[in-house]
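Engineer: fold the following.
(one chain, ligands or ions: 1)
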Amino acid sequence: MTEADIAAYKRNGYHFPIRVMSPSDASENLAKLEAFERMHGGSIPGKLKIKSHLLLTWVYTMVSHPTVLDAVEDVLGPDILCWNSSFFIKNANDPAHVTWHQDSTYWGLSKPDVCSAWIALTPANEQNGVMKIIPGSHEFGQLDHEDTFAGDNLLARGQRLVDPPNEEAAVSLNLDPGEISLHHIMSVHGSKPNETDQRRIGFAIRYAAPHVRLMGNIRDSALLVRGKDRYGHFDVEYGPKTDMDSDAIIHHTKVMENRAKVKYAGTGQDYS
Ligand SMILES: O=C(O)CCC(=O)C(=O)O
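Structural biologist: Next up is the predicted model:
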């Protein structure tokens, strides 16, 4: 990013669009996702939507993509952990949506040196439920949220801000396939349903600087994607040798069981 782009990220809590791959590379990733979905009977199961970079080589390639990491390095510095990843899929005419929230709310991380890169595998626009963000909201501090566990909400706990923001202030992070937006862990964001006949698909990658730690008693794991981890706050994750190889499946299962303890802490829900 340019100096001006970095300044804009710091001021606004997001920056977009940044081209990280060609439209044809994005379509190739989309085709691989859709082939994987077909193998699973039409939609990617919830458990496989999360941290699939530990299972699928082409997803691993996205989280370690040098151009994505160059942009992330501009905001987090030279040492970068990939802490999580998730597909955000809205099918054609899908009521699925994301309520206004801050990512920081339930992630349990000690410092806000955490940034999401959202890769567009399809266009993301006003009609199909683009992600919207409130400029400067990363400076609002931690706001109160409530859980809804609403079925059409793409967030694990259906969490939403108790006091919704002024939507007129929101900026739409419109993207073409192969572009990303970056957003800060404290930024207020959300998205509406897809009202078009085409799917809207994004892949969100959560990157953290290694000095960030998980609070509480549970130890989490992460994948070092650039530089060095001089802190060792996270157990070491590794990528798959081939798509869904048996070691990768065992590794992913263990990582996900552990993550669930963190994610659903205090809700009475569990991962299974
Ligand atoms: O994909 C969406 O609509 C929302 C994604 C989101 O909330 C996130 O990446 O943090």
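Engineer: what about Val63, distance to Asn194?
Structural biologist: 25 Å (Cβ to Cβ, to the nearest Å). For the C-beta atoms, the positions are set from N, CA and C on the backbone; glycine is no exception.
Engineer: same deal with Gln102?
Structural biologist: For Gln102, the distance to Asn194 - Cβ to Cβ - is 23 Å.
Engineer: also Gly42?
Structural biologist: 17 Å.
Engineer: those two - which one has more neighbours?
Structural biologist: Asn194 (26 against 9; other Cβ atoms under 10 Å).
Engineer: what does the more buried one show for phi and psi?
Structural biologist: The phi and psi values for Asn194, taken as degrees, to the nearest 10, are phi -90, psi 120.
Engineer: that one is in contact with Asn91, isn't it?
Structural biologist: Yes: with contact defined as Cβ atoms under 8 Å, Asn194 reaches Asn91; the gap is 6.9 Å.
Engineer: identify the residue nearest the geometric centre of this protein.
Structural biologist: Ala204 (2.8 Å; Cα atoms, centre = their mean).
Engineer: now Asp113, nearest residue through space, not along the chain?
Structural biologist: Spatial nearest neighbour of Asp113, chain neighbours left out: Ala209 (4.1 Å); criterion: Cβ to Cβ, 6 or more residues apart in numbering.
Engineer: okay, now that neighbour: neighbour count?
Structural biologist: Neighbours of Ala209 using other Cβ under 10 Å come to 21.
Engineer: who in the stretch 151-272 of the chain is up against the ligand?
Structural biologist: Applying Cβ under 6 Å from any ligand atom, we find that the stretch 151-272 of the chain lies next to the ligand at 189, 191, 202, 204.
Engineer: need the contact list for the second one.
Structural biologist: For Ser191, the set of contacting residues under the criterion of Cβ atoms under 8 Å, 6 or more residues apart in numbering consists of 90, 97-98, 129-132.
Engineer: for it, name its beta-bridge partners.
Structural biologist: Note on Ser191: beta-bridge partners Val98, Met131, judged by DSSP bridges.
Engineer: again with the third one
Structural biologist: Residues found in beta-bridge contact with Gly202 (criterion: DSSP bridges) are Phe88, Ala120.
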